[in-house]
Every structure is written in structure tokens, then in C-alpha cells.
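Trainee: sequence plus the predicted model coming up.
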Amino acid sequence: MAAPQALIVQDKFHCAKALNKAVDLVRRREHRELRAQGIGMLTKTRYLWLKNPLNWTDRQRERLQTPKVDALKVGRAWAIKEAFADF
């Protein structure tokens, strides 16, 4: 055992799973807020935020790489998730 004193050891898969869940929760909350204002820019984007950017189509890339998306909370949460991928 590599860490016999540890009570809990997290592997990369489970950390990525938790980060994906967090991004989705942020997206849901922000989508509700925007919809209440009559803005539907996050409609039908759930799986785009969870999908590996290397597998995005050109259309998906265009949709998520706009200045508007960078200003969203979900955009920041997604950026944090992607930064973790380099660990």
C-alpha cells in the first residue's frame, strides 16, 4: 500500500467525476437564473461542458468559445475543471 496512514485516497477518475458534477451544478443554477431573465444561452449545452474539448466539433467549439461564455460562472467552473486535467 502506497499510503497506509491515509483514511481516504482519491484517484484521478473520482476527482474528475466530482469536478464534472460541480460544473453541472453550476450550469444548472446559472441556467435557471438566466432563463428567469429570458436568456436561453445555456439551453442544450449540458454535455458540451462535460465533453472533452479535444472531441468538440467545430460548431461546439464556436458555441463555447465566445466572450459571453467567458463571463459566465459555468465558464469559470469549466476552466477550473480543465486546469485539473493537467495534474
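Mentor: That came through, no problem. Numbers count the residues shown, from 1 in each chain.
Trainee: contacts, neighbours, all on C-alpha from now
Mentor: Will do.
Trainee: which residues of the protein score low on pLDDT?
Mentor: Scanning the chain for pLDDT under 70 picks out 1.
Trainee: buried residues in stretch 64-82?
Mentor: 64, 72, 74-75, 77-78, 81-82 (16 or more other Cα atoms under 10 Å).
Trainee: redo those as TSV? Include distance to Lys51 and secondary structure.
Mentor: Below are these laid out as TSV (distance: Cα to Cα, whole Å; DSSP: H, G, I helix; E, B strand; the rest coil):
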residue	distance to Lys51	secondary structure
Leu64	12	helix
Leu72	18	coil
Val74	14	helix
Gly75	14	helix
Ala77	14	helix
Trp78	10	helix
Lys81	11	helix
Glu82	11	helix
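Trainee: just name the closest of the residues you listed to Ala22, please.
Mentor: Of all the buried residues of stretch 64-82, Ala22 sits closest to Ala77, with 7.7 Å by Cα to Cα.
Trainee: now the helices for this structure?
Mentor: Here the chain has its helices, by DSSP state H, at 12-36, 46-50, 58-64, 67-70, 73-84.
Trainee: how about these, which one is nearest Ala6?
Mentor: helix 12-36 (16.3 Å).
Trainee: ok, and what's touching that closest one?
Mentor: Defining contact as Cα atoms under 8 Å, 6 or more residues apart in numbering, one finds that helix 12-36 is touched by 40-43, 46, 49-50, 73-74, 77-78, 81, 84-85.
Trainee: centre of the chain to that helix, how far?
Mentor: 6 Å (Cα atoms, centre = their mean, to the nearest Å).
Trainee: what comes up buried for it?
Mentor: 19-20, 22-24, 26-28, 30-31.
Trainee: now distance to Phe13 too, for these, in TSV please.
Mentor: Formatted as TSV, the buried residues of helix 12-36 follow (distance: Cα to Cα, whole Å):
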residue	distance to Phe13
Leu19	10
Asn20	11
Ala22	14
Val23	15
Asp24	17
Val26	20
Arg27	21
Arg28	22
Glu30	26
His31	27
